[in-house]
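1. Structure, please.
(3 chains)
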Amino acid sequence: MPELPEVEHVVRFITPEIEGARLRGLLPLDGRGALVSHAKLVRSGQRPAALSEQLAARRVRSVRRRAKLIVIELDAGLALVIHLKITGKLWVVPEGRAVGRHDRVRIGLPRRRALVLEDMRKFGWIGLFDADGLAGLCAKLGPEPLDDAFRLPVWRAILARRPKSKIKAVLLDQAALAGVGNIYADEICHAARVSPHRRCAELAGREEAALHRSIRKILTRAVDERSGAPDQKRVGSGGTRRDWSESPVTIKVFQRHGERCPTCRRATIERSVVGTRGTHACPRCQP
DNA sequence: ACATGCACCTGGGAGC
DNA sequence: TGCTCCCAGGTGCATG
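-> Numbering: from 1, shown residues only, chains lettered A, B, ... in the order given. All right, here's what the predicted structure looks like:
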(Lines give C-alpha, C1' and ligand atoms only; values in the text may rest on other atoms or scores of the structure.)
Protein backbone atom coordinates (compact mmCIF):
# COMPACT_ATOMS: atom_id res chain seq x y z
CA MET A 1 0.00 0.00 0.00
CA PRO A 2 2.08 2.77 1.26
CA GLU A 3 3.74 5.22 -1.03
CA LEU A 4 4.23 8.91 -0.32
CA PRO A 5 0.52 9.85 -0.29
CA GLU A 6 -0.46 6.91 1.91
CA VAL A 7 2.38 7.51 4.37
CA GLU A 8 1.48 11.19 4.46
CA HIS A 9 -2.09 10.19 5.24
CA VAL A 10 -0.99 7.88 8.06
CA VAL A 11 1.13 10.69 9.52
CA ARG A 12 -1.78 13.12 9.43
CA PHE A 13 -4.06 10.48 10.84
CA ILE A 14 -1.94 9.56 13.86
CA THR A 15 -0.50 13.01 14.65
CA PRO A 16 -3.48 14.29 16.66
CA GLU A 17 -3.65 10.95 18.45
CA ILE A 18 -0.05 10.87 19.67
CA GLU A 19 1.41 14.38 19.61
CA GLY A 20 2.37 15.38 23.12
CA ALA A 21 1.75 11.86 24.44
CA ARG A 22 4.10 10.23 26.90
CA LEU A 23 4.97 6.74 25.72
CA ARG A 24 4.79 3.75 28.05
CA GLY A 25 7.27 1.47 26.31
CA LEU A 26 6.29 -1.71 24.49
CA LEU A 27 3.22 -3.68 25.52
CA PRO A 28 3.29 -7.50 25.44
CA LEU A 29 1.86 -9.21 22.38
CA ASP A 30 1.00 -12.49 24.08
CA GLY A 31 0.64 -14.22 27.41
CA ARG A 32 4.34 -14.97 27.58
CA GLY A 33 5.28 -11.33 27.41
CA ALA A 34 6.83 -11.13 23.93
CA LEU A 35 7.39 -7.45 23.06
CA VAL A 36 7.91 -7.95 19.32
CA SER A 37 6.75 -10.64 16.91
CA HIS A 38 10.19 -11.29 15.39
CA ALA A 39 13.72 -10.02 16.10
CA LYS A 40 14.28 -8.33 12.74
CA LEU A 41 11.42 -5.95 13.41
CA VAL A 42 13.76 -3.67 15.38
CA ARG A 43 16.12 -2.24 12.84
CA SER A 44 18.09 -0.05 15.25
CA GLY A 45 19.57 -3.09 16.94
CA GLN A 46 18.32 -2.86 20.53
CA ARG A 47 16.89 -5.91 22.22
CA PRO A 48 13.14 -5.45 22.64
CA ALA A 49 13.39 -5.00 26.41
CA ALA A 50 16.04 -2.31 26.00
CA LEU A 51 14.00 -0.55 23.31
CA SER A 52 10.99 -0.62 25.59
CA GLU A 53 12.99 0.96 28.42
CA GLN A 54 14.34 3.67 26.12
CA LEU A 55 10.85 4.50 24.89
CA ALA A 56 9.26 4.59 28.32
CA ALA A 57 8.47 8.12 29.52
CA ARG A 58 9.63 9.69 26.22
CA ARG A 59 7.27 12.39 25.02
CA VAL A 60 6.18 12.72 21.38
CA ARG A 61 7.17 16.14 20.12
CA SER A 62 5.96 15.86 16.53
CA VAL A 63 5.29 13.45 13.69
CA ARG A 64 6.47 13.88 10.14
CA ARG A 65 7.17 11.99 6.92
CA ARG A 66 10.46 11.69 5.02
CA ALA A 67 10.16 9.65 1.81
CA LYS A 68 8.14 6.62 2.97
CA LEU A 69 9.45 6.82 6.54
CA ILE A 70 7.24 7.83 9.45
CA VAL A 71 9.39 9.88 11.80
CA ILE A 72 8.07 10.32 15.35
CA GLU A 73 10.27 12.92 17.01
CA LEU A 74 10.69 12.34 20.73
CA ASP A 75 12.37 14.33 23.46
CA ALA A 76 15.99 13.64 24.42
CA GLY A 77 16.95 14.02 20.74
CA LEU A 78 15.52 10.64 19.79
CA ALA A 79 13.31 9.65 16.86
CA LEU A 80 11.12 6.58 16.56
CA VAL A 81 11.11 5.68 12.87
CA ILE A 82 8.63 3.31 11.24
CA HIS A 83 8.66 1.88 7.71
CA LEU A 84 5.45 0.18 6.59
CA LYS A 85 7.04 -1.43 3.52
CA ILE A 86 4.30 -3.20 1.52
CA THR A 87 1.65 -4.41 3.94
CA GLY A 88 2.27 -2.37 7.08
CA LYS A 89 -0.48 -0.40 8.79
CA LEU A 90 -0.43 1.78 11.87
CA TRP A 91 -3.37 2.04 14.23
CA VAL A 92 -4.19 3.70 17.51
CA VAL A 93 -6.38 1.24 19.40
CA PRO A 94 -7.63 0.64 22.96
CA GLU A 95 -5.02 -1.35 24.85
CA GLY A 96 -7.59 -3.99 25.69
CA ARG A 97 -8.34 -4.80 22.07
CA ALA A 98 -7.41 -8.36 21.15
CA VAL A 99 -3.94 -8.68 19.61
CA GLY A 100 -4.30 -9.47 15.91
CA ARG A 101 -2.50 -12.27 14.12
CA HIS A 102 -0.32 -9.80 12.22
CA ASP A 103 0.28 -7.29 14.99
CA ARG A 104 4.09 -6.92 15.18
CA VAL A 105 4.55 -4.44 18.03
CA ARG A 106 2.38 -2.38 20.38
CA ILE A 107 3.63 0.88 21.86
CA GLY A 108 1.84 2.01 25.01
CA LEU A 109 0.09 5.39 24.87
CA PRO A 110 -1.67 7.35 27.64
CA ARG A 111 -5.30 6.62 28.51
CA ARG A 112 -4.89 2.88 28.01
CA ARG A 113 -4.34 3.09 24.28
CA ALA A 114 -1.66 1.61 22.02
CA LEU A 115 0.02 2.44 18.74
CA VAL A 116 0.00 -0.85 16.82
CA LEU A 117 2.09 -1.84 13.81
CA GLU A 118 0.23 -4.50 11.85
CA ASP A 119 2.11 -6.10 8.97
CA MET A 120 1.24 -9.35 7.27
CA ARG A 121 4.50 -9.78 5.40
CA LYS A 122 7.00 -8.83 8.15
CA PHE A 123 8.94 -6.48 5.85
CA GLY A 124 8.09 -3.40 7.92
CA TRP A 125 10.38 -2.24 10.70
CA ILE A 126 10.76 0.19 13.57
CA GLY A 127 13.86 1.80 14.97
CA LEU A 128 14.83 4.23 17.69
CA PHE A 129 17.61 6.53 16.51
CA ASP A 130 19.53 9.53 17.75
CA ALA A 131 20.08 12.52 15.48
CA ASP A 132 23.08 10.95 13.77
CA GLY A 133 21.27 7.67 13.20
CA LEU A 134 18.30 9.45 11.68
CA ALA A 135 20.57 11.56 9.50
CA GLY A 136 22.21 8.37 8.29
CA LEU A 137 18.87 6.93 7.25
CA CYS A 138 17.88 10.08 5.40
CA ALA A 139 21.27 10.66 3.79
CA LYS A 140 20.61 8.06 1.11
CA LEU A 141 17.29 9.57 0.07
CA GLY A 142 16.69 11.78 -2.94
CA PRO A 143 14.67 15.00 -2.85
CA GLU A 144 11.06 15.23 -1.71
CA PRO A 145 8.98 15.59 -4.87
CA LEU A 146 6.43 17.90 -3.23
CA ASP A 147 9.01 20.29 -1.79
CA ASP A 148 9.24 23.68 -3.46
CA ALA A 149 12.90 22.96 -4.09
CA PHE A 150 12.02 20.13 -6.47
CA ARG A 151 12.06 22.21 -9.64
CA LEU A 152 12.51 21.16 -13.22
CA PRO A 153 16.32 21.66 -13.29
CA VAL A 154 16.63 19.37 -10.26
CA TRP A 155 14.61 16.71 -12.09
CA ARG A 156 16.67 17.12 -15.27
CA ALA A 157 19.85 16.64 -13.23
CA ILE A 158 18.43 13.41 -11.76
CA LEU A 159 17.66 12.10 -15.25
CA ALA A 160 21.07 13.15 -16.56
CA ARG A 161 22.73 11.05 -13.84
CA ARG A 162 20.92 7.90 -14.99
CA PRO A 163 20.99 8.06 -18.81
CA LYS A 164 20.80 4.31 -19.39
CA SER A 165 18.06 3.52 -16.86
CA LYS A 166 14.43 3.14 -17.73
CA ILE A 167 12.42 6.09 -16.52
CA LYS A 168 10.31 3.91 -14.27
CA ALA A 169 13.41 2.52 -12.55
CA VAL A 170 14.49 6.06 -11.72
CA LEU A 171 11.03 7.01 -10.42
CA LEU A 172 11.21 3.98 -8.11
CA ASP A 173 14.77 4.63 -6.92
CA GLN A 174 14.49 6.27 -3.50
CA ALA A 175 18.04 7.58 -3.80
CA ALA A 176 17.08 9.48 -6.93
CA LEU A 177 13.63 10.73 -5.88
CA ALA A 178 11.98 9.93 -2.55
CA GLY A 179 8.47 8.59 -2.07
CA VAL A 180 7.26 7.22 -5.40
CA GLY A 181 6.32 3.53 -5.52
CA ASN A 182 4.98 1.14 -8.11
CA ILE A 183 1.42 2.46 -8.30
CA TYR A 184 2.26 6.12 -8.72
CA ALA A 185 5.24 5.41 -10.98
CA ASP A 186 2.82 3.90 -13.50
CA GLU A 187 0.27 6.67 -12.98
CA ILE A 188 2.95 9.36 -13.41
CA CYS A 189 4.23 7.84 -16.67
CA HIS A 190 0.67 7.62 -17.99
CA ALA A 191 -0.17 11.20 -17.06
CA ALA A 192 3.05 12.34 -18.73
CA ARG A 193 2.32 10.21 -21.82
CA VAL A 194 5.72 8.53 -21.57
CA SER A 195 6.33 4.79 -21.76
CA PRO A 196 7.83 3.47 -18.50
CA HIS A 197 10.35 1.54 -20.63
CA ARG A 198 11.94 4.64 -22.14
CA ARG A 199 15.60 5.28 -21.27
CA CYS A 200 16.25 8.61 -19.58
CA ALA A 201 18.79 9.78 -22.17
CA GLU A 202 16.22 9.29 -24.93
CA LEU A 203 13.59 11.56 -23.40
CA ALA A 204 12.78 14.79 -25.22
CA GLY A 205 12.94 18.00 -23.23
CA ARG A 206 9.16 18.32 -23.25
CA GLU A 207 8.86 14.76 -21.94
CA GLU A 208 11.19 15.53 -19.05
CA ALA A 209 9.02 18.53 -18.25
CA ALA A 210 5.81 16.51 -18.58
CA LEU A 211 7.17 13.93 -16.15
CA HIS A 212 8.12 16.65 -13.68
CA ARG A 213 4.64 18.17 -13.84
CA SER A 214 3.03 14.73 -13.55
CA ILE A 215 5.09 13.75 -10.50
CA ARG A 216 3.80 16.82 -8.68
CA LYS A 217 0.27 16.62 -10.02
CA ILE A 218 -0.33 12.92 -9.36
CA LEU A 219 1.19 12.93 -5.88
CA THR A 220 -0.51 16.18 -4.87
CA ARG A 221 -3.86 14.89 -6.04
CA ALA A 222 -3.38 11.60 -4.22
CA VAL A 223 -2.47 13.37 -0.98
CA ASP A 224 -5.53 15.61 -1.32
CA GLU A 225 -7.87 12.75 -2.10
CA ARG A 226 -6.48 10.71 0.77
CA SER A 227 -7.01 13.57 3.16
CA GLY A 228 -10.73 13.18 2.67
CA ALA A 229 -10.65 9.61 3.92
CA PRO A 230 -11.52 9.22 7.59
CA ASP A 231 -9.02 6.46 8.32
CA GLN A 232 -6.88 3.76 6.80
CA LYS A 233 -9.83 1.49 6.16
CA ARG A 234 -10.53 3.77 3.27
CA VAL A 235 -7.00 3.75 1.96
CA GLY A 236 -6.76 0.20 0.79
CA SER A 237 -4.45 -2.62 1.70
CA GLY A 238 -7.13 -4.56 3.47
CA GLY A 239 -5.85 -7.76 1.91
CA THR A 240 -7.36 -8.30 -1.49
CA ARG A 241 -5.52 -7.28 -4.58
CA ARG A 242 -6.76 -3.98 -5.96
CA ASP A 243 -8.00 -2.86 -2.57
CA TRP A 244 -6.68 0.52 -3.61
CA SER A 245 -9.61 0.67 -6.01
CA GLU A 246 -11.88 1.10 -2.99
CA SER A 247 -9.82 4.07 -1.97
CA PRO A 248 -10.82 7.57 -3.03
CA VAL A 249 -7.74 7.94 -5.20
CA THR A 250 -8.09 8.03 -8.97
CA ILE A 251 -6.12 5.20 -10.57
CA LYS A 252 -6.06 5.12 -14.36
CA VAL A 253 -3.67 2.33 -15.35
CA PHE A 254 -2.23 0.47 -12.35
CA GLN A 255 -3.41 -3.15 -12.50
CA ARG A 256 -5.98 -2.19 -15.08
CA HIS A 257 -4.39 -4.28 -17.83
CA GLY A 258 -7.02 -5.60 -20.21
CA GLU A 259 -9.25 -2.58 -19.60
CA ARG A 260 -9.82 0.30 -22.00
CA CYS A 261 -7.53 3.25 -21.43
CA PRO A 262 -9.65 5.95 -19.73
CA THR A 263 -7.71 8.70 -21.50
CA CYS A 264 -7.81 7.76 -25.18
CA ARG A 265 -10.75 5.35 -24.77
CA ARG A 266 -9.42 3.27 -27.64
CA ALA A 267 -6.35 1.23 -26.73
CA THR A 268 -6.19 -1.50 -24.11
CA ILE A 269 -3.88 -1.11 -21.11
CA GLU A 270 -1.01 -3.57 -21.25
CA ARG A 271 1.00 -5.26 -18.52
CA SER A 272 4.77 -5.63 -18.76
CA VAL A 273 7.71 -5.79 -16.36
CA VAL A 274 10.35 -3.24 -15.40
CA GLY A 275 12.99 -4.78 -13.22
CA THR A 276 10.80 -7.18 -11.31
CA ARG A 277 7.83 -4.87 -10.97
CA GLY A 278 4.52 -5.26 -12.73
CA THR A 279 4.07 -2.29 -15.03
CA HIS A 280 0.92 -0.94 -16.66
CA ALA A 281 0.67 1.45 -19.56
CA CYS A 282 -1.42 2.45 -22.54
CA PRO A 283 0.48 1.67 -25.76
CA ARG A 284 -1.35 4.44 -27.59
CA CYS A 285 -0.98 7.26 -25.05
CA GLN A 286 2.53 6.27 -24.00
CA PRO A 287 4.75 5.70 -27.02
C1' DA B 1 30.08 3.31 -10.58
C1' DC B 2 26.11 1.64 -12.34
C1' DA B 3 22.37 -1.63 -13.85
C1' DT B 4 19.96 -5.83 -12.90
C1' DG B 5 17.78 -9.48 -10.37
C1' DC B 6 16.61 -11.91 -6.58
C1' DA B 7 15.83 -12.54 -1.48
C1' DC B 8 13.22 -11.27 2.25
C1' DC B 9 7.80 -13.04 4.05
C1' DT B 10 2.89 -14.36 4.01
C1' DG B 11 -1.09 -14.64 1.77
C1' DG B 12 -4.96 -14.00 -1.94
C1' DG B 13 -6.73 -15.30 -6.24
C1' DA B 14 -6.88 -17.88 -10.51
C1' DG B 15 -6.87 -22.07 -12.77
C1' DC B 16 -7.16 -26.93 -12.91
C1' DT C 1 -13.10 -28.67 -2.30
C1' DG C 2 -8.30 -28.65 -2.61
C1' DC C 3 -4.14 -28.37 -4.86
C1' DT C 4 -0.53 -25.67 -7.38
C1' DC C 5 1.14 -21.71 -9.36
C1' DC C 6 1.52 -16.76 -9.96
C1' DC C 7 1.34 -12.44 -8.14
C1' DA C 8 1.77 -8.71 -4.61
C1' DG C 9 1.95 -1.61 -3.33
C1' DG C 10 9.38 -1.91 -0.88
C1' DT C 11 13.88 -2.25 -0.14
C1' DG C 12 19.01 -4.30 0.38
C1' DC C 13 22.44 -6.69 -1.31
C1' DA C 14 24.96 -9.79 -4.49
C1' DT C 15 26.19 -10.19 -8.98
C1' DG C 16 27.61 -8.82 -13.57
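2. Every contact and neighbour count from this point should use C-alpha atoms.
-> Will do.
3. Are we agreed that A:Val7 is in a helix?
-> Yes - applying DSSP: H, G, I helix; E, B strand; the rest coil, one finds A:Val7 inside a helix.
4. I figured it was touching A:Arg65, is that so?
-> Yes - judged on C-alpha atoms under 8 Å, A:Val7 makes contact with A:Arg65 at a distance of 7.0 Å.
5. Looking at the two, which one has more neighbours?
-> Higher neighbour count among A:Val7 and A:Arg65: A:Val7, with 25 against 19, using other C-alpha atoms under 10 Å.
6. Show the contacting residues for the nearest residue to that one once chain neighbours are set aside.
-> Excluding the flanking residues, the one nearest A:Val7 by C-alpha to C-alpha, 6 or more residues apart in numbering is A:Lys68, at 6.0 Å. Contacts here follow C-alpha atoms under 8 Å, 6 or more residues apart in numbering; on that basis A:Lys68 touches A:Pro2, A:Glu3, A:Leu4, A:Val7, A:His83, A:Leu84, A:Ala178, A:Gly179.
7. roughly how far apart are A:Trp91 and DNA strand B?
-> In this view, A:Trp91 and DNA strand B are 19 Å apart by C-alpha to the nearest atom of the strand, to the nearest Å.
8. And what about that residue, helix, strand or coil?
-> strand.
9. Report the beta-bridge partner residues of it.
-> Using DSSP bridges, the beta-bridge partners of A:Trp91 come out as A:Val116.
10. Would you mind confirming that it makes contact with A:Leu117?
-> Yes - contact criterion C-alpha under 8 Å: A:Trp91 and A:Leu117 qualify, at 6.7 Å.
11. Between those two, which has more neighbouring residues?
-> Between A:Trp91 and A:Leu117, counted using other C-alpha under 10 Å, the more crowded position is A:Leu117 (23 against 17).
12. Mind pulling the model confidence for the more buried one?
-> A:Leu117 is assigned a pLDDT of 97 by the prediction.
13. Identify the residues contacting it.
-> Neighbours of A:Leu117 in contact, by C-alpha under 8 Å, 6+ apart: A:Gly88, A:Lys89, A:Leu90, A:Trp91, A:Asp103, A:Arg104, A:Val105, A:Arg106.
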